[in-house]
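Undergrad: structure for the following, please:
(one chain, ligands or ions: 1)
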Amino acid sequence: MNGAGLSARPVNATLHRVARTVREGYSSRTVTAQSHINSYYAATLNDTTRHPRLEGTVKADVCIVGGGFSGIATALTLAERGYKVVLLEAERIGWGASGRNGGQLIAGMSGEGAIKRQYGAKGAKFLRDIRYRGHEIIKERIARYAIDCDLKPGWMEVAARVKHMDGLRAYVEERRAEGDGDHLELIEKANLPEVLGTTEYHGGYVDPMSGHLHGLNLCLGEARAAAALGVQIFEQSSVTALAGGSKPWVRTANGQVDANAVVIGGEIYERFGQPKLRGLMFPTGSYIIATEPLEPELASSINPRDLAVADSNMILDYFRLSADKRMLFGGRCNYSNRDPGDIAATLKPRLTQIFPQLAGTRIDYAWGGRIGIVINRVPAIGRLEPNLYYLQGYCGHGINTTHIAGEIVADAISGTFERFDMFDKIRHIRLPLSGWAGNQMLAIGMIYYRIKDLL
Ligand SMILES: Cc1cc2nc3c(=O)[nH]c(=O)nc-3n(C[C@H](O)[C@H](O)[C@H](O)COP(=O)(O)OP(=O)(O)OC[C@H]3O[C@@H](n4cnc5c(N)ncnc54)[C@H](O)[C@@H]3O)c2cc1C
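TA: Below you'll find the model as predicted:
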């Protein structure tokens, strides 16, 4: 038990799972998950479809590795265009970050500064054009395939420090000057109590076109739609080797897929012997607690507009209310890049600092997952050899971006490379370090950014 009133069993089980995941760097070969990790999302999933394990050899136009948003969104786009797709997932659909995240549907992507620095005005226009593309895809799919995933409008970035508010004002003004920000609502500190029941922040802005949702149910719903369009999905089918070139193939312990193209579809930390992936993406942890359902008056006093909220720190806290009015509060637990001993005990004091009203509220779930970080923060989307593609490294900003990336990779496979080349030609920084040393570097980077946040 811990002071937050969390029952020991789910937390220990969660930690055990998270610890195994970290140790193995997401290597799924030795992990056999029968179910999703214990979380609020797993407890409220609305689709229990199980897919078979791959046995023997199958053929496809495209074989996709990974059953998170990246893989499923790519598969669904390709299936909508008539491709025969096979998708291989080591565990279960939505088992990784896609089924565990904060559910914040945020415009744009990480690394926008680096994109503008490399491409100038062309880069700025590109970012404007795709800023809400993932939102559009998700909303279209929710409507077309009747996906029930609690989508709610409204997202807010709050200033964690006085000086951050200047940055948020400048950002909104820049978006408005570009003709892309009239819908953004600046909230000065004096008006904050109308929007959030806390005095901890120094204002912020609201983006009503962004919002929040139940990520696991979105992922499972998109997988269901993909399967209905003929995508063959295999779970418990960890990929052990693959190749592109003139005869691409993908191998698991019990089977093989022969395809015309292969996609490493998601934040997968195995590199399959591909030198271009070495030192590119590193895992870091992010953790969430979910309270018991709040009384309606308490919920609406805390978050009257039912917004998803993220603070302006580099190493940020984020929170929102679930459909059943639980407070879902997430962030980092430490800067060592190691999993915490007790997620709830670490996160609850931060939650109650922001909302003292929740001091006596029970924590029902606590869990964690891996975020794929790339050094310049631009999502890593590209081609490793002919007919071998990859998409990953969304730096914790993946619900919108995975869907954009999936469409861009599907375009490339269909022969349209314009947007794909923008990413493929990004100058990424690759650390000449092994996974362990890279993780230590990341820990040092986290401490550096934390100090910057505090100054
Ligand atoms: C706690 C947390 C909170 C977050 N909050 C937000 C948020 O609020 N908003 C937001 O936009 N983003 C958020 N993110 C980030 C977002 O969830 C991710 O960017 C996104 O889900 C990445 O999707 P993906 O498909 O690339 O990777 P994943 O969802 O991790 O999927 C990769 C899949 O590949 C599978 N796999 C791994 N190895 C193999 C193999 N060898 N063979 C076959 N399959 C394999 C894994 O089992 C996994 O299912 C959060 C992430 C975390 C962890």
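Undergrad: do you have the helices of this structure handy? List them.
TA: Along the chain, counting by DSSP state H, helices occupy 8-23, 40-43, 69-80, 112-130, 133-144, 162-177, 215-228, 296-302, 343-354, 398-413, 418-424, 435-454.
Undergrad: pipe those into JSON lines and attach distance to the ligand per row.
TA: Just so you know, the C-beta spots here come from the backbone N, C-alpha and C atoms, and that holds for glycine as well. As requested, the helices of the chain are exported to JSON lines (distance: least, C-beta to the nearest ligand atom, whole Å):
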{"stretch": "helix 8-23", "distance to the ligand": "9"}
{"stretch": "helix 40-43", "distance to the ligand": "10"}
{"stretch": "helix 69-80", "distance to the ligand": "4"}
{"stretch": "helix 112-130", "distance to the ligand": "14"}
{"stretch": "helix 133-144", "distance to the ligand": "9"}
{"stretch": "helix 162-177", "distance to the ligand": "18"}
{"stretch": "helix 215-228", "distance to the ligand": "6"}
{"stretch": "helix 296-302", "distance to the ligand": "18"}
{"stretch": "helix 343-354", "distance to the ligand": "10"}
{"stretch": "helix 398-413", "distance to the ligand": "2"}
{"stretch": "helix 418-424", "distance to the ligand": "14"}
{"stretch": "helix 435-454", "distance to the ligand": "14"}
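Undergrad: can you tell me which of these is packed in deepest?
TA: Comparing the helices of the chain on average neighbours per residue, with mean count of other C-beta atoms under 10 Å, the densest one is helix 69-80 at a mean of 28.
Undergrad: tell me what angle that helix forms with helix 215-228.
TA: Inter-element angle recorded for helix 69-80 and helix 215-228: 30 degrees (by axes from the mean of the first three to the mean of the last three C-alpha atoms, to 10 degrees).
Undergrad: pLDDT on helix 69-80, on average?
TA: This predicted structure assigns helix 69-80 an average pLDDT of 98.
Undergrad: let the chain start at 48 from now.
TA: Okay, residue one is now 48; in that scheme the one you just asked about reads as helix 116-127.
Undergrad: list of residues touching that helix?
TA: Contacts to helix 116-127, defined as C-beta atoms under 8 Å, 6 or more residues apart in numbering, come from residues 108-109, 111-112, 132, 134, 136, 140, 145, 184, 188, 262, 265-266, 269-270, 272-273, 276-278, 280, 310, 312-314, 438-439, 445-446, 449-450, 452-454, 456-457, 460-461.
Undergrad: how about low-confidence regions in the stretch 298-447 of the chain?
TA: Flagging of the stretch 298-447 of the chain using pLDDT under 70 yields the residue ranges 380-384.
Undergrad: contacting residues for the spatially most central residue of the chain?
TA: The structure's the chain has its C-alpha centroid closest to residue 445; by C-alpha atoms, centre = their mean the separation is 3.6 Å. Applying C-beta under 8 Å, 6+ apart, one finds that residue 445 lies in contact with 116-117, 144-145, 148, 314.
Undergrad: next: residue 356.
TA: With C-beta under 8 Å, 6+ apart as the criterion, the residues that contact residue 356 are 202-205, 243, 251, 350, 365-367.
Undergrad: dump those residues to JSON lines, plus neighbour count and distance to residue 434.
TA: As requested, the contacts of residue 356 are exported to JSON lines (neighbours: other C-beta atoms under 10 Å; distance: C-beta to C-beta, whole Å):
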{"residue": "202", "neighbour count": "23", "distance to residue 434": "37"}
{"residue": "203", "neighbour count": "25", "distance to residue 434": "43"}
{"residue": "204", "neighbour count": "27", "distance to residue 434": "40"}
{"residue": "205", "neighbour count": "30", "distance to residue 434": "45"}
{"residue": "243", "neighbour count": "23", "distance to residue 434": "49"}
{"residue": "251", "neighbour count": "29", "distance to residue 434": "45"}
{"residue": "350", "neighbour count": "24", "distance to residue 434": "47"}
{"residue": "365", "neighbour count": "24", "distance to residue 434": "38"}
{"residue": "366", "neighbour count": "26", "distance to residue 434": "43"}
{"residue": "367", "neighbour count": "25", "distance to residue 434": "40"}
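Undergrad: check the residues you listed one by one and keep those near the ligand.
TA: Checking the contacts of residue 356 against the ligand by C-beta under 6 Å from any ligand atom, the ones in range are residue 365.
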